[in-house]
Every structure is written in C-alpha cells, then in structure tokens.
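Q: Give me a model of this one.
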Amino acid sequence: MDDKPASPARRKGIYILPNLFTTATLFGGFYAIVMAMNGHFEAACIGILVAMVADGLDGRIARLTGTATDFGKEYDSLCDMVAFGVAPAILVYAFSLRYFADYPWFGGKVGWVIAFTYCACAALRLARFNVLAAIASSNKDFYGVPSPTAAGVVTFFVWSCVDDSKSLFVWVAGRVPFEGTDVLIVAAPLTLLTALSMVTSIRYNSFKKLEGGPVRFLSFAAVVGVILLATLDPPRVLFLAAFGYVLSGPIAALMRRTRKPSAPAPN
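A: Model (predicted):
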C-alpha cells in the first residue's frame, strides 16, 4: 500500500534545495570579504569562484524541479549583490586600489570611489535585470555584462596576480606574486571599465542556446577548449575568458553596424 502523506515532505525538501545553493552563493561572497580584509587574496578569489558555481546551479535546479518562486528570485538577487557586487569591490580595493593613498596627487579617496562605483553598477545591473526579467526571458541576449561575469573579471585578475603556481604565464613573466602597487595602473581602469560594462545597453550573448538544442560545432569546441585550458592555468585562462566576454559585446555591436546595408541614395 502506498504511503500518500510522505509526498509533502518531499516537496518541502525540493523547495529547500535551490535555496541552499543560493545560500552557498551568499556564503562564498561573505567568505571572500573576510579573507580579503585579512589579506588572504587567493582564498577570497576561490570564495567568489565557489559563489559563481553555486549561482549557476540554483536557478537550473529550481527550474528542473519546478520550484522556482518569487521568493527564490528575490533571495538570489540579494545574494548576488553580496557575492558579485560587494565582495569583488572589497577584494580589488584591499588588493590594489587602496594604494592610491600613497600618491597624494591622486587623492586617497580615488581607490574607494572606484571600488564603490563597481559596487553601485552591480546593484544597478541586478535591479535592471529584475525589472526586465519577463522581457529578457524571451530574448536570447543580455543587456550589459551580467554581474557574475563582471565579478569574474575582477576576481580572476587578482587571482592571476597573486597565484604563484608553475604555469606558462609565470615562466614568461618572470616573477609572481605581483604586489598591489605593481598593478595599480591596470587594476583601476580594469575595475572601472568592468563596472561600466554592467550598466551599458550593449547586447551580450546569453548562451541560452547551449542549454538545449543543436549548437554550432565551433561554439562547442570553444567551450571544451576553455575548460581544458582552465585545468592547466585556472586564474589566467578564466580571466582571459571573462575579459574576452566583456569585449565581445562592443565587438559584436561594431560588426552588426558595419554589416547593415547602406540606405539607397534618393533619386
């Protein structure tokens, strides 16, 4: 004889499951903040990476189990703000941007202003995504770089600087880790550019076609290639992949503009 009353407990467990992954996103961001404040930058980067993985799974689990709710969407957005807005801003500030205080002609506030700009742009990006969620669901593209990808640019840049593993990059560069002052001239514009890319109206590929249905062989090969290379040198390969995605939007927009047929001249 079937035990019918057992089904409600199963449904409750399914609803908890995606929110556990969302909480893991929050934990990864919080852990990264604590580690960055204590100068453990590589651990902070790994914390944000864990948050990115968890964030990529929670929504898929909710859809597969039919447990997507408004509460889950709001909770996910708040956790994303901590993991991909606050945590990367504090990480890059603690690692490099705070050294603006050593250069009086810049002013000691420049570093934290850039970090705050990144944080504010992440909040705006998440708010816009929530407002346009219904429209975006029927579109194949994002408008502006998603906050997890932007966090990846900043995070993997810092990780590339502090990682001292035996890799090809280290062999060519000659020395690691780089200190915060060594990369200040790169960290500042990179953080600002990444921040602004989140609030732009430039279209970015959402890669939704990869989740189901046929895809081009070249696209599949590119994904496999990135995964294989990431196993050899995770920080630099992931940074190049994330930064390449940021650049792909303007490049694609320029290509679309140049491909538009010119209007016929009036007779």
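
Q: got a list of what Tyr75 touches?
A: Counting by CB atoms under 8 Å, 6 or more residues apart in numbering, Tyr75 makes contact with 19, 22. For glycine as for every other residue, the C-beta is placed from the backbone atoms N, C-alpha and C.

Q: Work out for me the element it sits within.
A: Tyr75 is part of helix 70-81, with elements assigned from DSSP states H and E.

Q: any idea which helix or strand comes after that helix?
A: Following helix 70-81 in sequence, per DSSP H and E, is helix 87-95.

Q: which residues touch whichever helix or strand comes after that next one?
A: Next in sequence after helix 87-95, counting helices and strands by DSSP H and E, comes helix 110-131. For helix 110-131, contacts defined as CB under 8 Å, 6+ apart pick out 73, 77, 80-81, 84-86, 88-90, 92-93, 97-101, 136, 143-147, 150-151, 154, 188, 191-192, 194-196, 198-199.

Q: Quick check on these: which are buried?
A: 77, 80-81, 84-86, 88-90, 92-93, 97-100, 136, 143-147, 150-151, 154, 188, 191-192, 194-195, 198-199 (16 or more other CB atoms under 10 Å).

Q: least trustworthy helix or strand in the chain by mean pLDDT?
A: helix 168-173 (a mean of 50; mean pLDDT, DSSP states H and E).

Q: what packs against the helix or strand following it?
A: As assigned by DSSP H and E, the chain's next helix or strand after helix 168-173 is helix 184-199. Here helix 184-199 touches helix 87-95, helix 110-131, helix 147-162, helix 234-259, going by 3 or more CB pairs under 8 Å, 6 or more residues apart in numbering; DSSP states H and E.

Q: so for the first one, what's the average pLDDT?
A: Helix 87-95 carries an average pLDDT of 97.

Q: other SSEs contacting that helix?
A: helix 7-37, helix 41-65, helix 110-131, helix 147-162, helix 184-199.

Q: looking at these, which is buried most?
A: When these are scored by mean count of other CB atoms under 10 Å, the highest mean neighbour count falls to helix 147-162 (a mean of 25).

Q: between that one and helix 110-131, how big is the angle?
A: Put simply, helix 147-162 runs at 150 degrees to helix 110-131, going by axes from the mean of the first three to the mean of the last three CA atoms, to 10 degrees.

Q: which residues of this structure score low on pLDDT?
A: Residues of the chain meeting the criterion pLDDT under 70: 1-14, 106-107, 134-140, 165-180, 208-220, 260-267.

Q: redo that, cut-off 90
A: By pLDDT under 90, the weakly predicted segments of the chain are 1-19, 56, 58-74, 100-109, 129-144, 161-185, 201-237, 248-267.
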